[in-house]
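>>> Have a look; sequence and predicted model below, questions after that.
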Amino acid sequence: MTPEEWQAVLLSLRVAFFATLVSLPFGILVAMALARWRFPGRQILNGLVHLPLILPPVVTGYLLLLTFGRRGTVGQWLAELGIIFAFNWTGAVLAAAVMAFPLLVRAIRLSLEAVDPGLEAAAGTLGASPIWVFATVTLPMILPGIIAGAVLAFAKAMGEFGATITFVANIPGQTQTLPSAIYALLQVPGGEERAMRLVVIAIAVAMSALLLSEWVSRAIARRIAS
Amino acid sequence: MTLSVSIRHPLAHFALDLAFDAGPGVTAIFGRSGAGKTTLVNAVAGMLRPAEGRIELNGEVLSEGRHFVPPHKRRIGYVFQDGRLFPHLTVRQNLLYGRWFSGGGADVGRIVDMLGLAPLMDRRPARLSGGEKQRVAIGRALLCAPRLLLLDEPLAALDTARKAEILPYLERLHEEGLPILYVSHSVAEVMRLAARVILLDAGRIVGSGAPADLLSDPASGLSGSESGALIPAHVAAREADGLARFDTAAGPVFLPTDQPVGAAAVIRIHAQDVMIALFPPAGISALNVLPAVVEQTIPRGHETLVRLRLGPEALLARITTRSAAALGLAPGLTCHAILKTVAIADYSVSEGVTTGVFSERSR
């Protein structure tokens, strides 16, 4: 493997890791809001969260560019604070996080809806304030859902292509993730063989993530059952 | 230590509209399913905000108008019908959960001993029997140092053997010196555990008093064929033919039983199983005949309920109005109560309003 290919693999892992990590707290919050709270605009929030799932990725990427680009409304303001997304690896993180967000929220929301509200009420009668109830009862009980959602989000972030390439382009060493590296190689005559190596790595990473999440979920279920 | 409730809250088919006080000891909230029992205790626990009225505990107003103390600040222990143990925590962690929030005043060792929980401490709820789960739930509620204990049909989800296993622990709860509200639709449980009963029907209190008085009071709402009497008894002797003599304040009663001499029991007699004779009956197969005095007659169409006094005990008889007239039954008349069926109220089983279940019968 060439250093360039390694860079692409490592960048993808880094992007996927931070995209998952940063979106987790927001994902839990939004899942709580959608599953538990009744407020005006709940359906609108639900739609917004799911939008990246149904929009063409290139549209999402373009919207990100309009908003968070150097001349974008939010991007201009963030640039003054020294936070730059456009054509930067952090932009790839943002694009991946937005694209993976619906999957994360869905998994957490499903596990939240499976939690018996009676258990939370019982914790309340035992003196736990709502925040403590969440920390000591709800959170441990939705942990398998959080892990499943996080793994799904990680895999999606690893594979994100359309929004990423639109938002932060395809700069080797800076914004060239695994999928964009494969795409670039396929544009060059004789690049198929090198592309194939990256394809195998992509499959290996995705499979490992999936197996790991299965294993962790089972370990948690076993702990609760025994 | 007093709970004082006076609330109104609309429900689907009727409104909960009641007022009562409860001091230390067990007060049973008794009524059929859907009478509003659980709604009432949920309002006391703060899981439901009553539309109107006031709930006060030891002088502190928990709920009145816009003032509402949330459940976690009430220090009211709640034992749910389904236990609601935290599945991801061990028994020990479940027990200590509330204690941690209350600042750790309660004596863990004493509660663990009282409920026999020591061998279960390291298990998770999934590996407990139904009875064990309820014992842990009771311990968990007691360890949050509650000012009031609510038990919402804690035995309803258990089978006969498990009920029998838990009842002795429940009987010791009154030693805690707390006010306890015990929701039940089982006469047997109420008789065994409660000092006082509040009868609830369609959201209203239709009677209250000592359990035995309510059951033999035809006006209490436990009317019709369900009316009966519950009389405390103990096994005085085992006789050669397999029957045992139970001594009661109303006289001796003969019943088959496996219980040893000295064992305590409560005997239950349904109103329709009592015949009245003016003279000591002769040549009759019924074993159990007790002298009685007519206290009250309540005609209800072609039937008449007769309240009999047998020493300190009371007994209801349901006979035809024609028989009552023929015998000239009137308050003060001495007579004999012929008990067609007598049963030992089996506290370990109960179902339905006032049906109870009777393990041993004698005709």
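Perfect, thanks for sending it. Numbering: from 1, shown residues only, chains lettered A, B, ... in the order given.
>>> Every contact and neighbour count from this point should use C-alpha atoms.
OK.
>>> quick one: average pLDDT of stretch B:314-330?
Mean per-residue pLDDT for stretch B:314-330: 89.
>>> Give me the contact list for that stretch.
Residues outside stretch B:314-330 that contact it (Cα atoms under 8 Å, 6 or more residues apart in numbering or on different chains): B:213, B:216, B:218, B:227-229, B:269-276, B:278, B:294-297, B:299-309.
>>> Mind giving me the ChimeraX select for those residues, buried ones only?
The following ChimeraX line selects those of those that are buried, judged by 16 or more other Cα atoms under 10 Å in any protein chain shown:
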select /B:213,216,218,227,228,229,269,270,271,272,273,274,275,276,294,295,296,297,303,304,305,306,307,308,309
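>>> Just to be sure, which of the contacts of stretch B:314-330 are found in strands?
Among the contacts of stretch B:314-330, the members found in strands (DSSP state E) are B:228-229, B:269-270, B:274-276, B:294-297, B:299-300, B:303-309.
>>> Now the residue of the stretch 201-350 of chain B at minimum distance from chain A. Nearest residue, chain neighbours left out?
Nearest to chain A, among the residues of the stretch 201-350 of chain B, is B:Gly203, at 23.0 Å (Cα to the nearest Cα). For B:Gly203, ignoring the flanking residues on the chain, the nearest one in space by Cα to Cα, 6 or more residues apart in numbering or on different chains is B:Leu16 at 4.0 Å.
>>> would you put the C-alpha positions of the helix or strand harbouring the one you found in PDB?
If you go by DSSP states H and E, B:Leu16 is part of strand B:15-22. Provided in PDB are the C-alpha atoms of strand B:15-22 (Å, rounded to 0.1, in the frame of the first residue of the first chain):
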ATOM      1  CA  ALA B  15     -64.600  10.900  38.900                       C
ATOM      2  CA  LEU B  16     -62.400  10.000  41.800                       C
ATOM      3  CA  ASP B  17     -64.000  12.100  44.600                       C
ATOM      4  CA  LEU B  18     -62.900  11.200  48.100                       C
ATOM      5  CA  ALA B  19     -61.500  12.300  51.400                       C
ATOM      6  CA  PHE B  20     -59.900  10.300  54.200                       C
ATOM      7  CA  ASP B  21     -57.200  10.400  56.800                       C
ATOM      8  CA  ALA B  22     -54.800   7.500  57.500                       C
END
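>>> How about residues contacting that strand?
With contacts defined as Cα under 8 Å, 6+ apart, strand B:15-22 is touched by B:2-10, B:36, B:40, B:179-181, B:202-205.
>>> Could you pull out the buried residues of it?
For strand B:15-22, by 16+ other Cα under 10 Å, it's B:16-18, B:22.
>>> neighbouring strands for it, and are they parallel or not?
As defined by DSSP bridges, the strand partners of strand B:15-22 come to strand B:3-10 (antiparallel).
>>> now the partner strand, how far from the centre of its chain.
22 Å (Cα atoms, centre = their mean, to the nearest Å).
>>> For that strand, buried residues please.
Those would be B:3-9, for strand B:3-10 by 16+ other Cα under 10 Å.
>>> Same question for stretch A:53-71.
A:53, A:57-58, A:60-66, A:68-70.
>>> how distant is stretch B:94-102 from the center of its chain?
Centre-to-centre, stretch B:94-102 and its host chain are 29 Å apart (Cα atoms, centre = their mean).
>>> mean confidence score for that stretch?
The model assigns stretch B:94-102 a mean pLDDT of 88.
>>> does chain A sit close to that stretch?
Yes: Stretch B:94-102 comes into contact with chain A (Cα under 8 Å from any Cα of the partner chain), by way of B:97-99, B:101-102.
>>> how about low-confidence regions in the stretch 51-200 of chain B?
B:104 (pLDDT under 70).
>>> residue in it nearest to chain A?
For the stretch 51-200 of chain B, Cα to the nearest Cα, closest residue to chain A: B:His72, 3.9 Å.
>>> which ones are touching that residue?
A:124-129 are the contacts of B:His72 under Cα under 8 Å, 6+ apart.
>>> Which of the helices or strands spans the closest residue to it other than its chain neighbours?
Distances taken as Cα to Cα, 6+ apart put A:Gly127 closest to B:His72, at 3.9 Å, once the chain neighbours are dropped. Taking DSSP H and E as the definition, A:Gly127 sits outside all helices and strands.
>>> And for A:Gly127, the neighbour number?
27 (other Cα atoms under 10 Å in any protein chain shown).
>>> doesn't B:Phe101 make contact with it?
Yes: shown here, A:Gly127 and B:Phe101 form a contact pair, counting by Cα atoms under 8 Å, at 5.5 Å.
>>> Now the common contact residues for the two.
Contacts common to A:Gly127 and B:Phe101, judged by Cα under 8 Å, 6+ apart, are B:Cys144.
>>> contacting residues for the closest residue to chain B within chain A?
Closest to chain B within chain A is A:Gly127: 3.9 Å, counting by Cα to the nearest Cα. Residues in contact with A:Gly127 (Cα under 8 Å, 6+ apart) are B:71-75, B:98, B:101-102, B:144.
>>> do A:Ala123 as well
Counting by Cα under 8 Å, 6+ apart, A:Ala123 has contacts A:133, A:137, B:98.
>>> Looks to me like B:Pro260 is in a helix.
No: counting by DSSP: H, G, I helix; E, B strand; the rest coil, B:Pro260 is not found in a helix; it is coil.
>>> which element is the closest residue to it other than its chain neighbours on?
The shortest distance from B:Pro260 to any non-neighbouring residue, by Cα to Cα, 6+ apart, is to B:Val235 (6.9 Å). Per DSSP H and E, B:Val235 falls inside strand B:228-238.
>>> helices or strands up against that strand?
Counting contacts by 3 or more Cα pairs under 8 Å, 6 or more residues apart in numbering or on different chains; DSSP states H and E, strand B:228-238 packs against helix B:211-215, strand B:243-248, strand B:264-270, strand B:313-320.
>>> isn't A:Ile220 right next to A:Pro144, touching?
Yes: A:Ile220 is in contact with A:Pro144 according to Cα under 8 Å; the separation is 6.9 Å.
>>> Distance of A:Leu198 relative to A:Ile84?
29 Å (Cα to Cα, to the nearest Å).
>>> quick one, which of the two is more surrounded?
Comparing A:Leu198 with A:Ile84 by other Cα under 10 Å, the one with more neighbours is A:Leu198, at 22 against 19.
>>> wait, doesn't the more buried one sit right on A:Ser180?
No: shown here, A:Leu198 and A:Ser180 do not form a contact pair, counting by Cα under 8 Å, at 10.6 Å.
>>> Using CSV, write out every CA atom in the host helix or strand of B:Ala161.
Element membership of B:Ala161, judged by DSSP H and E, is helix B:160-171. What follows is helix B:160-171 as a C-alpha-only set of coordinates in CSV (Å, rounded to 0.1, in the frame of the first residue of the first chain):
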residue,chain,number,x,y,z
THR,B,160,-50.7,-19.4,45.9
ALA,B,161,-47.3,-20.6,47.2
ARG,B,162,-45.6,-17.3,46.6
LYS,B,163,-48.4,-15.4,48.3
ALA,B,164,-48.0,-17.6,51.4
GLU,B,165,-44.3,-16.9,51.3
ILE,B,166,-44.7,-13.1,51.4
LEU,B,167,-47.6,-12.7,53.7
PRO,B,168,-45.6,-13.2,56.9
TYR,B,169,-43.3,-10.4,55.8
LEU,B,170,-46.2,-8.1,55.0
GLU,B,171,-47.6,-8.8,58.5
